[in-house]
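[1] Prediction below, plus the sequence it came from.
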Amino acid sequence: MRLVTTLVSACLAIVMLLGAASASLAAGEAGTHAWSVKPLVLASGPDRSFAVIGHIPAETPIRVLRCQRDWCLVAANDQRGWASSLYVDYGRHPEPVITHGRGTVCFFEGTNFTGASTCFNSGTTIDDLALQNLDNRFASVQLTGAVSVATCRDRYFQSYCERIVQSKPALPTYLRGTVSSIKVY
């Protein structure tokens, strides 16, 4: 009887530990890894009219939780707020802000710039490529002029994103055949 009581107590303790671990994991937010390339001013909403609620220094690793137009909800260092997407970079390391310029970004369905292509000019933002029947189709990208492009796996700049600053005969593994939203700078 004593053995059964000990086993039941041990099982209950394990279940309670697992429950606590799941709750703490659920409390954390997911998001796309990115960097602040300049100091970020955090606002309570996606517009300059909202109150300033914090700041994140330049070259700080951040998580992008979602984006809306030219604003992204970001989190870092126990702070969370809306910041201008102009100062968010999805590369692997912080890089200086890339100058916006004239140019064209052409995506190709095949690697090495082969297959059907679709081109976009500077200033183009497409939150959902599925609406143009272009979702999950691109395998390479060619940049002409002073442009760069933010590419994300999911609609509305969710999930994995990367800022591309030069032509790539093959998109990075996590983006090849999975691009669903773009913004051409």
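    In hand now; what should we look at? Residues are numbered from 1 along each chain as shown.
[2] What segments of the protein are helices?
    2-27 (DSSP state H).
[3] any idea how it splits into domains?
    32-89, 103-184 (automatic domain parsing).
[4] Please produce a markdown table containing the ones you listed, extended by mean pLDDT.
    Below are those laid out as a markdown table (pLDDT from 0 to 100):
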| stretch | mean pLDDT |
| --- | --- |
| domain 32-89 | 90 |
| domain 103-184 | 92 |
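[5] Just put the ones you listed in JSON lines and tack on mean neighbour count.
    Where you see a C-beta, it was placed from the backbone N, CA and C, and this is true even at glycine. Formatted as JSON lines, the domains of the chain follow (neighbours: other CB atoms under 10 Å):
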{"stretch": "domain 32-89", "mean neighbour count": "18"}
{"stretch": "domain 103-184", "mean neighbour count": "17"}
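[6] Write down the beta-bridge partners of residue 63, one by one.
    Under DSSP bridges, the beta-bridge partners of residue 63 are residue 33, residue 75.
[7] Ok, the one 5 residues further on next?
    The bridge-partner assignment for residue 68, based on DSSP bridges, gives residue 71.
[8] Test my guess that it contacts residue 158.
    No. Applying CB atoms under 8 Å, one finds residue 68 not in contact with residue 158, separated by 11.1 Å.
[9] The protein: strands as residue ranges?
    32-36, 40-43, 52-56, 60-68, 71-76, 79-84, 88-89, 103-110, 114-121, 125-126, 140-145, 149-154, 158-164, 181-184 (DSSP state E).
[10] Which elements pack onto the fourth one?
    Think strand 60-68. strand 32-36, strand 71-76, strand 158-164 (3 or more CB pairs under 8 Å, 6 or more residues apart in numbering; DSSP states H and E).
[11] Quick one: list the elements packing against the second one.
    In this structure, strand 71-76 packs against strand 32-36, strand 40-43, strand 60-68, strand 79-84, with contacts taken as 3+ CB pairs under 8 Å, 6+ apart.
[12] Tell me how far residue 68 lies from residue 125.
    Counting by CB to CB, to the nearest Å, the separation of residue 68 from residue 125 is 11 Å.
[13] can you redo the helices and strands packed on strand 71-76 as JSON lines with distance to residue 172?
    Listed next are the helices and strands packed on strand 71-76 as JSON lines, based on distance: least, CB to CB, whole Å:
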{"stretch": "strand 32-36", "distance to residue 172": "13"}
{"stretch": "strand 40-43", "distance to residue 172": "25"}
{"stretch": "strand 60-68", "distance to residue 172": "17"}
{"stretch": "strand 79-84", "distance to residue 172": "24"}
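[14] Would you tell me which of these gets closest to residue 110?
    Among those, the nearest to residue 110 by CB to CB is strand 32-36 (26.4 Å).
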